[in-house]
Structure formats: structure tokens, C-alpha cells
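Student: heads up, no residue letters with this:
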DNA sequence: TTGTACGCGTTATCAA
DNA sequence: TTGATAACGCGTACAA
């Protein structure tokens, strides 16, 4: 509980000198430095981040807003963010919203209350009109979505092209009737995946019955239900494109339940390449996103913004708005071919 | 960027009055209240948490230290912590250590720097002698381990009894030779599970060859490797007790790879009841921990400590140490029987 | 090279 | 019912 004052008194110097030693900002005689260092050790003193933050109006904290932490998809991105943040002396604060808009807004207010210096959204974007006021003022970055109305810097794969590639692959290995299972909630990324899916089928002159497009809960049960419905259709699809691995796995379990074989009777492809796709039995063909790298890049972009603002504030207060530009960054995706899909022999 | 001062000026009152309105602490004339409220809206003012925290020396932040966020086991606990914390107006800060002691220590210093009011460890405990100094001074709680040297409040299942129960079940369904696969690193919880395992076998007069005890990496590959080794032994075990679901799943994959059937040729049991155990194919018999509840209770205990300290500080500065007692809380476990184990017919 | 003094944005005490 | 003002712990311009 020792403060800088205690240290100063103990060392027989002023608090200014202690501060100088702490920050190595100006020259201090080595002799004095030692006195101060000794006093610090003696008292077990640690500078209060609070006082420092209030003074410098900079917390070295980054807020990461995520719908749920139980989702393997986000965790790798967070690890990426964390890695870059740590390197630059920043800590990350993870805000979990459970997809609740109110909670999300509360977290966003961390910017107002100066608890954090910047914000990274991992959550899919919804109708967030109020965000506009923040975008001009605070450093904010969005992961996994791009090309939307707000002027927000984004990092994502090309979801359209990724879905197109995956669908083309399903066609190439011999499928002519393919179903698409998306999640509920009109996330831009899922919409784009659906568009890529349609484009590939169109190019191959394959038609898709309306019933082949399924919306379901974004989880295991949702995948099971959607698959059950699809396999009871006549004709039933020979392949299922799921907009997420967990949905794909639900579908696989359902296929197994009715005694059919995945990769032989029916192909299933997922999305995101989460851990479970790799270790499931059968392992799941899926579209891989460089999640860790997405996190790293997102953090880099954010720190850039933070520093720009800092510099702008130091020079002139009026130009600060213009320093917050935005851009769309597209990272490469990759198709991971595994056991849940197999080339047909005819 | 408006401050309380701006609001005061705008409303034509003193900052003290603004503060009173904000905190509803003392009586303010409704007329004045309205003036202030109007000014607040007008300026888009949000109180700075920083100033407030500096003044009250209370951040309303809780630090949760976790080895990795990519681990399904921890996420549910975090959700539990978060739920309780939110109810009481606290935010949680998740610190990811990647099992690095240095990083962990840096996070612990958040207590010194007054960035957080308390700390919950989810990470398994290691040799943390330096912790002693913190335990007397700050509110700290440990999840998932108990009965150790330090006087730290803990919340966990009875790992010994849980493993005993699971092993007894394996014996009851007809297994006579059972192997134990633990993770590397001598985590107390794993050691206790091993002891429970041994106790059950001993009671059934079953002997376990030394080679049946395997240590391996705490992941999918580790499970595969350990299983490969075990199945090449003669005699090979008819059942495998894995100290974690992910290890069990590695083992299952390996069993499938060599063309044997899980639940028929070989039983496999996991630990923790993470999502993957439920949805894997086959689904995995496992010991369920009430992870969400563990999080809730941990948070409750921590908030209790935080409030105790607050009260102690208000009355007399000298008694604050004694208010930080400690206790071991044991929560119930449950055996979830699924497809990876099956009763033998003889 | 070092010390004095101010301010960061609050809350809380004391007077008025 | 309100206002003036002293803290909280720190960094830094300015003076010495």
C-alpha cells in the first residue's frame, strides 16, 4: 500500500525524482537512483496504474468483445490478439456478451469511461447505428466481417470466395445435389457464404430446390435437426455444406444415427476449421480461416489507430478526427480436405 | 470528452452537485436534478471510471487467470464467474498465461497496481511460494483444486472420489484390466484422480501392471500416443481411464484407427464432461463437474472477501488481515454414461 | 540534477 | 439544499 510519497520520504528525495526513476524519463544521478530503488524494494512499492492512467489518460488496455467464450472459433483469434498486445505492453479485457445487445453496449461504454484505449469486435455485426458516434472518436476494429455500411476497419477472409471454392470442390468430387445449412440470424458472413455457394452451383448448371436451403440454430442440435429434415426429402441431397463446423458435426452425427456413412453415402463440409473438425470421427473437411493471424492483424491495426490518436492529440486537438481512417483487410482462406468428403468413383 | 466540470458549468451548479446527482447520494432539489440531467444529456457526458476508481480505490474489476482460453473446460467456469460478477456490477478481466509463470506473475501484479479488486485462479496450481504475500492482503480464490499447502479458498469437486466412482463403474461393467492415462505436469487434481483410480482397483482385488499408468501430453495427440502404446502391450487393457476428455478422444481415435470398436472391444472413459465428450462419435462416458456452478461459487466467495476487506478498511486499518479467512468448498460430481462404455455380457 | 506545484476526474467533508 | 475544497496517486513544466 506504499505510494510514491512514501518512497520519496523513505529515500529522502521528492516524488518527482521517484517518478523520474520509475519512468527513466530524465537524467538522475546514479547515486540518487540507487537510493530510490532501495526505498522501492524496502517498501515493496508498485506504482498504481490508476494514478498513472488518470494522469496519462491511457490505460494500456484493449477490450475484446465476443459473443461467447465457449466457442472454439473465437478463442484462437483472441490468442492472436493477445500475443500482439502483450508484445506492445497492452493487456486485453475480454467482454462476453452472450449475444445480448444491452451487455454489448455496456462494454462499449468502457471507451467512454476510459477503462480501455480501444476495442476489437469479434462478434458478428448487427444493427448498431449508435456505433457511428464511436467510430469517429475511438480506435475500433472489426474481425470476421467486412464490406458493410459503417466506416469501420475490418479483417476477414473472403467469405464469398471461400464458400465458392468449397462448393466447387463438392461438385468436382461428384455431387450434383447439395444442400446448404446456415445459422439463424442474418450475419453478413453467412449471407456471403450462401452467395458463394449459389454462384458455384449456378456455374455448374446445377439447380438447388428451395428446401435445400436450411436455417437452423448455430449449434450441434441445429445441425442434427436440419440434416434430419434434409435426408427425409426426395430426392435427398448427396452432400451438405454447413456454415460452421459445429453444424456440420451435428449433421454427421445424424447421418450416422440413421446408419449411413459419411464420406461415402453423403459428403459433409464444415466451415472455420475449429479443433473439433480436426479430431472428430470422421474428421471434417472444412474451410480454414487463419484465425490466429486475424487476431494478430486486428490488434496491429488497433494499436496503429491508438498511436495515431495519441500523436494527433499531442500536436493539435482539431485534427484528431481525420486520423481514424478505415480499411478492409482480406486474409487468405484454405480448404482442408478430410474424411467427411470423398471422391465418387464414376 | 466532457468532464464533470463541464457538466457543472453547463448546468450552472457546482461539481459537487453533479456528483450528488450521479450517485444519488444526498438530497438534491428535483429542479436542480433536472438541470444537471439535461446538461449531461446535452454534452453526452459519461463519468470517467478512472477518476472514480482513483478516488474510491475500487475498480469493480475481477481478474480471472486461466492457462488457455482454447480449452473448453475453462470457458464454462468463466461464464459462471461472469454471470455472478455482472449481477453485482463487476466486470471480469481474463488473463491468459499459456502456462507461463512469468506472465502469470505479471497478471497477479494487477492487484498491486490496483487494476482489479480481486483474483480467481482457474489455472492448476504450481510452486507459487510468492503467493503467500498476496493471500494475506488481497481477495484471492482458487478453482478446481483444494487441500494444498497455502491458505487459499478453493472450490472443486472431490477428484479422488470422482475417479474412484468412475473406476468402480468400469469394473462393474466387466473390466478387469484397466489403464490410467494422465497428463504431464503433476497437477494435484490429476494426482488425486490417480489415487481414486488405484483405490477402486485395490478394493476389487485387481492388480495394475506398471505399464498401465501412462503420462502423456494433455491433448488429442497425447491420448492417441498413450493408447497406441497401451494396445500393443500383452495383455492389453480392456478399458482406459483418461484424466481428461480430450485425452480420451485421442485414445478413441486410435482405437478406431486400428479397427477396433470403442464400447465393445475397449471401454474408454474421460473426465470433465466438456462439450466434445457429448457430441463425439461415439459420445464419451465422462465425469461431469458442475463447471458453471463452480464459477458462480468462486465469484461469490471472492465478492465476499472483497466486501469484507472494504468493511474492515472503513472501520480500522489494523484488523484487515484477519478478515481474509479461507475454506475448501467441495461441489458434487456426476458420472455421465454414454456410448464409449458398455456392460459386458458374461 | 533536483524540487515545487499543478492537474488528470472523481468523491466526500465541511460550511454556508 | 448547495458550494468550495481537499484528497486519491501519479507525471511533468517550470524553477531552482
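Tutor: Received the coordinates, thanks. Keep in mind it's a predicted model, so treat the numbers as computed, not measured. Numbering: from 1, shown residues only, chains lettered A, B, ... in the order given.
Student: Could you tell me which residues of the stretch 1-150 of chain A lie near chain B?
Tutor: A:46-51, A:53-54, A:57, A:59, A:68-70, A:72, A:75-76, A:78-79, A:82, A:86, A:91-96, A:103, A:109-110, A:112-115, A:133 (Cβ under 8 Å from any Cβ of the partner chain). Bear in mind the C-beta positions are built from the backbone N, C-alpha and C, glycine included.
Student: Run through the strands of the stretch 1-150 of chain A in chain order.
Tutor: Taking DSSP state E, counting those that start in this stretch, the strands of the stretch 1-150 of chain A run over residues A:61-66, A:91-96, A:118-121, A:140-143.
Student: okay if I get those as JSON lines plus distance to residue B:308, mean pLDDT and mean neighbour count?
Tutor: Listed next are the strands of the stretch 1-150 of chain A as JSON lines, based on distance: least, Cβ to Cβ, whole Å; pLDDT from 0 to 100; neighbours: other Cβ atoms under 10 Å in any protein chain shown:
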{"stretch": "strand A:61-66", "distance to residue B:308": "27", "mean pLDDT": "94", "mean neighbour count": "24"}
{"stretch": "strand A:91-96", "distance to residue B:308": "26", "mean pLDDT": "87", "mean neighbour count": "24"}
{"stretch": "strand A:118-121", "distance to residue B:308": "34", "mean pLDDT": "96", "mean neighbour count": "25"}
{"stretch": "strand A:140-143", "distance to residue B:308": "39", "mean pLDDT": "95", "mean neighbour count": "27"}
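Student: could I get those strands as JSON lines with distance to residue A:289?
Tutor: Converted to JSON lines, these look like this (distance: least, Cβ to Cβ, whole Å):
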{"stretch": "strand A:61-66", "distance to residue A:289": "15"}
{"stretch": "strand A:91-96", "distance to residue A:289": "20"}
{"stretch": "strand A:118-121", "distance to residue A:289": "16"}
{"stretch": "strand A:140-143", "distance to residue A:289": "10"}
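Student: Quick one: check the helix or strand that contains residue A:269 for contact with chain B.
Tutor: Using DSSP states H and E, residue A:269 sits in strand A:267-272. No. Figure legend: strand A:267-272 not in contact with chain B (Cβ under 8 Å from any Cβ); closest approach 12.1 Å.
Student: Let me see the ranges of the helices in the stretch 101-250 of chain A.
Tutor: Here the stretch 101-250 of chain A has its helices, by DSSP state H, counting those that start in this stretch, at A:101-108, A:131-135, A:159-172, A:188-203, A:220-231, A:245-257.
Student: List the contacts of the shortest one.
Tutor: Surrounding helix A:131-135, the residues in contact under the criterion Cβ atoms under 8 Å, 6 or more residues apart in numbering or on different chains are A:108, A:111, A:119, A:140, A:150, A:151, A:152, A:324, A:326, B:44.
Student: mind running it again at 7 Å?
Tutor: Here helix A:131-135 makes contact (Cβ atoms under 7 Å, 6 or more residues apart in numbering or on different chains) with A:108, A:111, A:140, A:150, A:151, A:152.
Student: Specify the local secondary structure of the residue nearest to the fifth one when sequence neighbours are not counted.
Tutor: Leaving aside its chain neighbours, residue A:151 sits nearest to residue A:326 (4.7 Å; criterion: Cβ to Cβ, 6 or more residues apart in numbering or on different chains). Put simply, residue A:326 is coil when judged by DSSP: H, G, I helix; E, B strand; the rest coil.
Student: separation between the residue nearest to residue A:26 when sequence neighbours are not counted and DNA strand C?
Tutor: Nearest residue to residue A:26 in three dimensions, chain neighbours excluded: residue A:20, at 5.1 Å (Cβ to Cβ, 6+ apart). Using Cβ to the nearest atom of the strand, to the nearest Å, residue A:20 is found at 6 Å from DNA strand C.
Student: which one of the helices of the stretch 101-250 of chain A is the most hemmed in?
Tutor: helix A:245-257 (a mean of 25; mean count of other Cβ atoms under 10 Å in any protein chain shown).
Student: Show the pLDDT at residue A:125.
Tutor: According to the prediction, residue A:125 has pLDDT 70.
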